[in-house]
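[1] Predicted model, plus sequence, below.
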Number of protein chains: 2
Amino acid sequence: MQKRTVRSADVARLAGVSRSAVSRTYTPGAYVSPETREKVLAAAEMLNYRPNAIARSLSKQSSQLIGIVASDLDNPFYAQMLSTLGKLLQRQGYGILLLIAESPDIDGLIPNLLSYQVDGVILPAATLGSQIAIELQRSGKPVVLVNRYLSHDVVSSVSGDNEGGGAAVAELLARTGHRRVAFLAGLADTSSSRDRGRGLREELARHGIAVYAEAEGRYEREAGAAAARRLLSLDPRPDAIFCANDTMALAALEVARAELGLKVPEELAIVGYDNSEPTRWPFYQLTSVDQNLPEMARIAIELLLDKLAGRRSGVDHVVVPARLIERATTRRRSPGETRAATLLTPASPHP
Amino acid sequence: MQKRTVRSADVARLAGVSRSAVSRTYTPGAYVSPETREKVLAAAEMLNYRPNAIARSLSKQSSQLIGIVASDLDNPFYAQMLSTLGKLLQRQGYGILLLIAESPDIDGLIPNLLSYQVDGVILPAATLGSQIAIELQRSGKPVVLVNRYLSHDVVSSVSGDNEGGGAAVAELLARTGHRRVAFLAGLADTSSSRDRGRGLREELARHGIAVYAEAEGRYEREAGAAAARRLLSLDPRPDAIFCANDTMALAALEVARAELGLKVPEELAIVGYDNSEPTRWPFYQLTSVDQNLPEMARIAIELLLDKLAGRRSGVDHVVVPARLIERATTRRRSPGETRAATLLTPASPHP
DNA sequence: GGGCGTTCTGCACGCGCGTGCAACCTAGTG
DNA sequence: CACTAGGTTGCACGCGCGTGCAGAACGCCC
């Protein structure tokens, strides 16, 4: 049990040096003779001294804290994103100030973040109000958006190649003979959903095919199932559905199999997005698109730290390539197409 | 773009009052006349002033920050636990300092947490070294363990009623005529796995049944599947498997159905733990045990805040009742047992 | 008019640490 | 021995804010 907080002055007294010497011992690249440093460290050890980061922050005008605004942690993609971002930041010596976005008053919580003088902010969220990002940016702090970008070139971002992912899906579906391809969108006002749809549409068009039908499933299971039912009740029925995320794709798969008795992929192909864990489960084997989350996280951190270090200024938009992962809910390509297939068929998600 | 950080002195000057008046305006329960407060708020608004929480922390010797050590965010249970804890803390005006536990050097990161002068720490993790908790406790900060407890009465904790959960499963399996009940354990050195096993064992014993076999699946999918294969290759085969979490239970279910062609629940009953989302998916319909996560989170926060406010001292261990959720992977009770069944068959997880 | 209580304000110090600057010490050189 | 350069150290101030204390302003009553 710690009686009283140990200050650098206590260490200095015990070591027989000045407080400055203690401070410098803990400041990389400061002038301290080896002997002094030894004495200080010994005394610190004895007193169980830890520099007070709060005081340091105040003095140095930098908290070594990064704010992360998390939302949608029920979604494994964002949970893992948070975990990965956090690990990377920790390794760089940063602390993480976490803000859980609740629908009502995110705006009320952001100032709270700022009041702790975070050095920068990461916003990993497709569904977060853009207002926040702009406001943060205006406060002068480095901000990086993950998995969303703003049309006005105001805030830096890193996102997956949603358009490319959609296009890859279109290419596969077209080549394997589908002509009535439906799109099950996520949230209408997210760039991710829009771009996946656009990629699909444009690549299909290149093959002389139009998107057969569209519905919105808000990225959720129930809404996705309902949308799938609507799509599958069309006459003639779609022969393929591209869903803007895995959650909706799995729901669609269950509707198709259990409710309608459809054979997948023979009568209906289904493709998801995110390459989440359940896609690999034997009952599903869902063809999906991998976003390369680790790379997205890595780049987000890189962007942010570069800005902090003044190595980079201005606004960047980085797009991370996506990868189509073919599994059992889509038809195999015919042998004659092996070459094209090689480009897109992966062994492991990311080598 | 903020030119320079706005200090309380700037506000004071503009408002024509002293710096103290500004400070008191932002301190609930301090003496300020309504007119002064008005002037201050107007000036603050004009300058876009936000009190510097770092400086406040230093001065008040309290950071209003709670440390949360997160691990296993891939597990939806812990992801949601983090989310819930975070929301509750935010509503109470606390900030969250997040630490992602990485296997190698958690011990190296904890001091980092402490150096930011967190007011308290929450450790939601079954697999986290107990050493850390004890060390934290020794630093004099309030600590609450979630979903794990230490045998020595040293650190406060809140956990689910693992023993009761295991017992409820035993009761169900015994009543529905099973005699060869296997236990698929999680990690051997976690209290959660041990207690679930003990509850099962003791309640089965009360029905004159011994646990038929045991295996360890480390709470993971692959290891769980392997363990399930081992259990199911016994002769005679178990007629029920209780798995220490849903992940392993789903894996076992797939092994049973897809690899061995077993009919569930006719030939084999399977029960999981956590009542996670996939248990509700139509393909699985897994009987499971709900831990009442929201209640666990609520109590964890309550314990911590009570300690912070000095309303509670000493060590508490709170156990939150668990609830058996019967679905399609276990047999229905016979009509004669309706009364007993009512006790345990839930409509919704928690009313 | 004087005394007193109430309400509010400002002063000044402290929270724990970083760091520019000057002073100090040592060794080396002429 | 005098002098200088280089290496170390300590002093003192600042980071932005909270708060005890003394005093000011005001109103009230005798």
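    Ah, there it is. Numbers count the residues shown, from 1 in each chain, chains lettered A, B, ... in the order given.
[2] Surely residue A:136 forms part of a helix?
    Yes - using DSSP: H, G, I helix; E, B strand; the rest coil, the assignment for residue A:136 is a helix.
[3] What count of nearby residues applies to the nearest residue to it once chain neighbours are set aside?
    What sits nearest to residue A:136 in space, not counting adjacent residues and going by C-beta to C-beta, 6 or more residues apart in numbering or on different chains, is residue A:143, at 4.8 Å. All C-beta spots, glycine's among them, are computed from the backbone N, C-alpha and C. The number of residues packed around residue A:143, counting by other C-beta atoms under 10 Å in any protein chain shown, is 27.
[4] Helices of the stretch 101-250 of chain A, start to end?
    A:106-115, A:130-138, A:162-175, A:191-206, A:221-232, A:246-254 (DSSP state H, counting those that start in this stretch).
[5] Compare these and give me the one nearest residue B:41.
    When these are compared for distance to residue B:41 using C-beta to C-beta, the nearest one is helix A:106-115, at 14.4 Å.
[6] which strands and helices sit next to that closest one?
    Where contact means 3 or more C-beta pairs under 8 Å, 6 or more residues apart in numbering or on different chains; DSSP states H and E, helix A:106-115 is packed against strand A:65-70, strand A:95-100, helix A:130-138.
[7] Would you mind telling me which of those is nearest residue A:277?
    In this view, the helices and strands packed on helix A:106-115 are compared for proximity to residue A:277 by C-beta to C-beta, and strand A:65-70 is the closest at 19.3 Å.
[8] which other residues reach that closest one?
    Outside strand A:65-70, the residues within contact range by C-beta atoms under 8 Å, 6 or more residues apart in numbering or on different chains are A:57, A:78, A:82, A:85-86, A:89, A:94-101, A:106, A:110, A:113, A:116-125, A:128, A:132, A:304, B:83, B:86, B:98, B:116.
[9] please redo it, this time with the cut-off set to 6 Å
    Strand A:65-70 is touched from outside by A:82, A:89, A:94-101, A:113, A:118, A:120-123, with contacts defined as C-beta atoms under 6 Å, 6 or more residues apart in numbering or on different chains.
[10] So which of those residues is the closest to residue A:334?
    Of all the contacts of strand A:65-70, residue A:82 has the smallest distance to residue A:334: 42.0 Å, by C-beta to C-beta.
[11] burial measure for the closest one, as a count.
    Counted with other C-beta under 10 Å, the neighbours of residue A:82 add up to 27.
[12] and it, how far is that from residue B:120?
    Taking C-beta to C-beta, to the nearest Å as the measure, residue A:82 and residue B:120 are separated by 21 Å.
[13] Equivalent analysis for residue A:287, please.
    Residue A:287 is 47 Å from residue B:120, where distance means C-beta to C-beta.
[14] Near chain B, which residues of chain A are found?
    By the rule C-beta under 6 Å from any C-beta of the partner chain, the part of chain A lying against chain B is A:1-2, A:50, A:53-55, A:57-58, A:73, A:79, A:83, A:86-87, A:96, A:98, A:100, A:102, A:111, A:115-117, A:139-140, A:254, A:258, A:282-283.
[15] Would you mind listing which of these are buried?
    Applying 16 or more other C-beta atoms under 10 Å in any protein chain shown to those, the neighbour count classes A:50, A:53-55, A:57-58, A:73, A:79, A:83, A:86-87, A:96, A:98, A:100, A:115-117, A:139, A:254, A:283 as buried.
[16] quick one, what contacts the residue of the stretch 251-351 of chain A found nearest DNA strand D?
    Relative to DNA strand D, the nearest point of the stretch 251-351 of chain A is residue A:308 (18.0 Å; C-beta to the nearest atom of the strand). Contacts were defined as C-beta under 6 Å, 6+ apart; by that measure residue A:308 touches A:119, A:120, A:142.
[17] ok, what's across the strand from residue A:183?
    Legend: beta-bridge partners of residue A:183 under DSSP bridges are residue A:214, residue A:242.
[18] my bad, should have said residue A:121
    residue A:67, residue A:143.
[19] doesn't residue A:143 make contact with it?
    Yes - applying C-beta atoms under 6 Å as the test, residue A:121 and residue A:143 come out as touching, 4.9 Å apart.
[20] joint contacts of those two?
    Common neighbours of residue A:121 and residue A:143 (C-beta under 6 Å, 6+ apart) are residue A:136.
[21] ok so, going back, can you add distance to residue B:278, pLDDT and neighbour count and give the contacts of residue A:308 back as a markdown table?
    As requested, those are arranged in a markdown table below (distance: C-beta to C-beta, whole Å; pLDDT from 0 to 100; neighbours: other C-beta atoms under 10 Å in any protein chain shown):
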| residue | distance to residue B:278 | pLDDT | neighbour count |
| --- | --- | --- | --- |
| A:119 | 39 | 95 | 21 |
| A:120 | 36 | 95 | 21 |
| A:142 | 38 | 93 | 23 |
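[22] what's the closest of the residues you listed to DNA strand C?
    Within the contacts of residue A:308, proximity to DNA strand C (C-beta to the nearest atom of the strand) peaks at residue A:119, which comes in at 14.4 Å.
[23] Distance of the closest one relative to residue B:198?
    Distance, residue A:119 to residue B:198, by C-beta to C-beta: 48 Å.
[24] What of residue A:267?
    Residue A:267 sits 50 Å away from residue B:198, going by C-beta to C-beta.
[25] mind listing what's buried in stretch A:294-308?
    For stretch A:294-308, the neighbour count (16+ other C-beta under 10 Å) marks A:295-305, A:307-308 as buried.
[26] Just the ones of those residues in helices?
    Of the buried residues of stretch A:294-308, the ones assigned to helices by DSSP state H are A:295-305, A:307-308.
[27] Just give me how far stretch A:103-118 sits from the chain centre.
    Relative to the mean C-alpha coordinate of its chain, stretch A:103-118 is positioned 20 Å out (C-alpha atoms, centre = their mean, to the nearest Å).
[28] Give me the buried positions along it.
    By 16+ other C-beta under 10 Å, the buried positions in stretch A:103-118 come out as A:106, A:109, A:110, A:112, A:113, A:114, A:115, A:116, A:117, A:118.
[29] same deal with stretch A:232-240?
    Under the neighbour-count criterion of 16+ other C-beta under 10 Å, stretch A:232-240 has A:232, A:237, A:238, A:239, A:240 buried.
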